[in-house]
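Novice: Need coordinates for the below:
(chains A and B)
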There are 2 protein chains.
Amino acid sequence: MIDELIERLKIGDRKAVARLITLVENDEEKAREIVKKIYPLTGNAYIVGITGPPGAGKSSLLDKLIKEARKEGLVVGVIAIDPTSPFTGGALLGDRIRMQRHATDPGVFIRSMATRGSLGGLAKATNDAIKVLDAYGCDVIFVETVGVGQVEVDIVKTADTVVLVTVPGLGDDVQAIKAGLMEIADIFVLNKADKEGADATYFELTLTLDLERDKWEKLGWRPPIVETVATTGKGIKELWNEIKRHKEFLERSGRLEEKRRKRVEEEIKTIVSGLIARKVEMQIEKGELNDLIREVLSKKVDPYTAADLVMKNVLGT
Amino acid sequence: MIDELIERLKIGDRKAVARLITLVENDEEKAREIVKKIYPLTGNAYIVGITGPPGAGKSSLLDKLIKEARKEGLVVGVIAIDPTSPFTGGALLGDRIRMQRHATDPGVFIRSMATRGSLGGLAKATNDAIKVLDAYGCDVIFVETVGVGQVEVDIVKTADTVVLVTVPGLGDDVQAIKAGLMEIADIFVLNKADKEGADATYFELTLTLDLERDKWEKLGWRPPIVETVATTGKGIKELWNEIKRHKEFLERSGRLEEKRRKRVEEEIKTIVSGLIARKVEMQIEKGELNDLIREVLSKKVDPYTAADLVMKNVLGT
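Specialist: From the prediction side, this is the model:
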């Protein structure tokens, strides 16, 4: 069945893409088989991470970016990671629906992902889905996550280009962002740039970037700030150009290779951790750790010593 | 040094608490040593998780809950987990400062935590910090996280009582929350209950809970909805009483034991995954995986096969 789906994927069958992503998401063994088989077909896609706080207009922006990429005839994939939170779901759903107007365009494939059970499950599922879209022939794959949550930020970090979307009027944000944001963003977007307070936010962002002037000089890339109004399309062309300019920079400087190497390292770590976590889960399910857990509960054994014993057990099998 | 700190912890030295938490956060080996030594002193604290979207007023609510607990003479610990996001940091910081007015009260210990490097690092650091506060003699420990992000939600899930804070006017949220929220909340708080739209939100929440009537009956606990206005203190007493009522329910029904068993299982899994991830990281740092990563990059070996090889390597050492 998988071989047939992969054959259909190769000839551009969208339904096969959807099926394969569902399989890599939900079936551990099949994910492994599928990735092994499609892996030689991958490596063409450029990965763009889009992140930012809820309400920054990421999905509307993405909607417009898809159009830009399509104008150039590129095949576009989108993986939209839904926050675990029940709360912000509402607004996102609306945006997702808006994005789905591209659904009839065979050159666009959009997929939503929600939290997978175990630790790191979301990262693994996203990696695998990216591979399916890459093998399908996507030239660019946008990965959208909310910029809150350790796993969610870790996922977006591994993209080739990371676009950080912010909006005016987030209050004290600029003070707080300095540290975290410098590390991950290649391009800043100030969305809703027609809103009151946009100029002040732009100015503050510039000042913040100025503080790290030496770093940018050494790196050879200073993150630009692009002002956009996603609803009217203002600034989108410019943003798309900045993404392409960053891609060229990465290619020219050899940093793309470095980034991709880092991504492979992260991916291997994610898979190994997942395999081990599952082994431990299986031992728990089989009741093999019942005595040990009882001793931990009665404070006779501490959790670290218990973990060492489990390690030995897992390592021994 | 650690022995001395633990001796000082036992006699209620707050500085020792702070030092020990810093150590478990930042030093893997010391975390292990500290937890081993203090573990027999733990098990007294009751853990209350407070979660909800940014802007729901969690910190203000917590500020008032601390007061209630202090009125009863309880020793209170607070672990406030800062979202990874640069963005929401601002507002939170303000609330944190407000909470810090308890800092002069020797019966209250407040600690902020930010994302730890590797996958699951935040969960491990939180577990360990809880143990330090527990050993210190905290009767109740509040763990506050934003309700977005896989790791963040996983952390709050392991609390004895999970309080989910929502506010009116989050739009389509109720549709989206049904699935996720039912699983983790023991008590709902509708904060800012004096705001327009509060009645409608209350009504919708009630309807949503009604859908799962059978589940609550079987469980013996239907999550109550408490309306609060954190800024004036309205409803806080009631919320505190509901937390105590839930604690009694858990004790009476034997579910507390079950929850704590589950927490130990999760903790062991977290430690084991962390140990393995670190082993892989060390192999990468030493360059031992260079050839393998090169083969993955050149598409000769897929990531799953590479992970298997790394597993064998790690297992072999």
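
Novice: Any idea which helix or strand in chain A has the lowest mean pLDDT?
Specialist: The helix or strand of chain A with the lowest confidence, counting by mean pLDDT, DSSP states H and E, is helix A:89-99 at a mean of 49.

Novice: and residue A:48, which of the three is it?
Specialist: Following DSSP: H, G, I helix; E, B strand; the rest coil, residue A:48 is assigned to strand.

Novice: OK, contacts around it?
Specialist: Counting by CB atoms under 8 Å, 6 or more residues apart in numbering or on different chains, residue A:48 touches A:140, A:141, A:142, A:143, A:159, A:160, A:161, A:162, A:163, A:243. C-beta here means a position set from N, CA and C on the backbone, and glycine is covered the same way.

Novice: Turn those into TSV, including neighbour count and secondary structure.
Specialist: Shown next, in TSV, are the contacts of residue A:48 (neighbours: other CB atoms under 10 Å in any protein chain shown; DSSP: H, G, I helix; E, B strand; the rest coil):
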residue	neighbour count	secondary structure
A:140	26	strand
A:141	24	strand
A:142	26	strand
A:143	24	strand
A:159	23	coil
A:160	22	coil
A:161	24	strand
A:162	24	strand
A:163	28	strand
A:243	23	helix
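
Novice: okay, those residues in CSV with distance to residue A:14 and pLDDT next?
Specialist: CSV is the format used below for those (distance: CB to CB, whole Å; pLDDT from 0 to 100):
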residue, distance to residue A:14, pLDDT
A:140, 17, 98
A:141, 15, 97
A:142, 17, 96
A:143, 19, 93
A:159, 23, 94
A:160, 24, 96
A:161, 26, 97
A:162, 28, 93
A:163, 26, 93
A:243, 25, 98
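
Novice: Pick the one among those closest to chain B.
Specialist: residue A:162 (12.4 Å; CB to the nearest CB).

Novice: Distance check, the nearest residue to that closest one once chain neighbours are set aside against residue A:251.
Specialist: Spatial nearest neighbour of residue A:162, chain neighbours left out: residue A:49 (4.5 Å); criterion: CB to CB, 6 or more residues apart in numbering or on different chains. According to CB to CB, to the nearest Å, residue A:49 and residue A:251 sit 17 Å apart.

Novice: of the two, who's got more company?
Specialist: Set residue A:49 next to residue A:251 and count neighbours by other CB atoms under 10 Å in any protein chain shown: residue A:49 wins out with 25 against 13.

Novice: dump the residue contacts of residue A:268.
Specialist: Applying CB under 8 Å, 6+ apart to residue A:268 gives the contacts B:280, B:289, B:293, B:296, B:303, B:306, B:307, B:310.

Novice: Now do the helix or strand containing it, average pLDDT.
Specialist: Assigned by DSSP states H and E, residue A:268 belongs to helix A:255-285. Averaged over helix A:255-285, pLDDT sits at 90.

Novice: neighbours around residue A:202, how many?
Specialist: When neighbours are defined as other CB under 10 Å, residue A:202 has 16 of them.

Novice: how about the strands of chain A, start to end?
Specialist: A:46-52, A:76-81, A:108-113, A:140-146, A:161-166, A:187-190, A:225-227 (DSSP state E).

Novice: Among the ones you listed, which comes closest to residue B:155?
Specialist: strand A:140-146 (17.1 Å; CB to CB).

Novice: what does the closest one rub up against?
Specialist: Taking CB under 8 Å, 6+ apart as the rule, strand A:140-146 contacts A:45-54, A:58-59, A:62, A:65-66, A:69, A:74-81, A:83, A:88, A:126, A:130, A:133-134, A:152-153, A:155-156, A:159, B:85, B:148-149.

Novice: Now, of those, which are buried?
Specialist: A:45-54, A:58-59, A:62, A:65-66, A:69, A:74-81, A:83, A:88, A:126, A:130, A:133-134, A:152-153, A:155-156, A:159, B:85, B:148-149 (16 or more other CB atoms under 10 Å in any protein chain shown).

Novice: quick revisit: work out the gap between the helix holding residue A:268 and the centre of the chain.
Specialist: 15 Å (CA atoms, centre = their mean, to the nearest Å).

Novice: How about stretch A:128-143?
Specialist: The answer for stretch A:128-143 is 12 Å, by CA atoms, centre = their mean.

Novice: circling back: among the contacts of residue A:268, which one lies nearest to chain A?
Specialist: Looking across the contacts of residue A:268 and measuring by CB to the nearest CB, the closest to chain A is residue B:307, at 3.7 Å.

Novice: Report the separation between the closest residue to that closest one other than its chain neighbours and residue A:66.
Specialist: Excluding its sequence neighbours, the residue lying closest to residue B:307 (CB to CB, 6+ apart) is residue A:271, at 3.7 Å. From residue A:271 across to residue A:66, the span is 30 Å (CB to CB).

Novice: hang on, the earlier thing: I figured the residue nearest to residue A:162 was touching residue A:159, is that so?
Specialist: Yes. In this structure, residue A:49 is within contact of residue A:159 by CB atoms under 8 Å, at 3.1 Å.

Novice: In stretch A:242-260, which residues are buried?
Specialist: Applying 16+ other CB under 10 Å to stretch A:242-260 flags A:242, A:243, A:244, A:246, A:247, A:249, A:250, A:255, A:256, A:259, A:260 as buried.

Novice: Show me which of the residues you listed is closest to chain B.
Specialist: The closest of the buried residues of stretch A:242-260, once distances to chain B are taken by CB to the nearest CB, is residue A:260, at 6.4 Å.

Novice: wait, residue A:231 sits on residue A:60?
Specialist: Yes. Counting by CB under 8 Å, residue A:231 does reach residue A:60; the two are 6.2 Å apart.

Novice: Compare those two and say which is more crowded by neighbours.
Specialist: Using other CB under 10 Å as the criterion, residue A:231 and residue A:60 rank with residue A:60 on top: 21 against 14.

Novice: Please tell me how far that one sits from residue A:167.
Specialist: For residue A:60, the distance to residue A:167 equals 11 Å [CB to CB].

Novice: Now do residue A:307, the pLDDT please.
Specialist: As predicted, residue A:307 sits at a pLDDT of 94.

Novice: Relative to residue B:9, how far out is it?
Specialist: Counting by CB to CB - residue A:307 and residue B:9 are separated by 23 Å.

Novice: and the end-to-end length of stretch A:45-65?
Specialist: Taking CA to CA, to the nearest Å, the first and last residues of stretch A:45-65 lie 16 Å apart.

Novice: what's the distance between it and the middle of its chain?
Specialist: 10 Å.

Novice: Poorly predicted segments of the stretch 1-150 of chain A, please.
Specialist: Applying pLDDT under 70 to the stretch 1-150 of chain A picks out residues A:54, A:83-101, A:103, A:115-120, A:147-150.

Novice: how does it look with 50?
Specialist: A:85-95 (pLDDT under 50).

Novice: could you pull out the helices for it?
Specialist: Shown for the stretch 1-150 of chain A, the helices assigned by DSSP state H, counting those that start in this stretch span residues A:2-10, A:14-26, A:28-38, A:58-71, A:89-99, A:121-136, A:150-157.

Novice: Next, count neighbours for residue A:14.
Specialist: Residue A:14 has 14 nearby residues by other CB under 10 Å.
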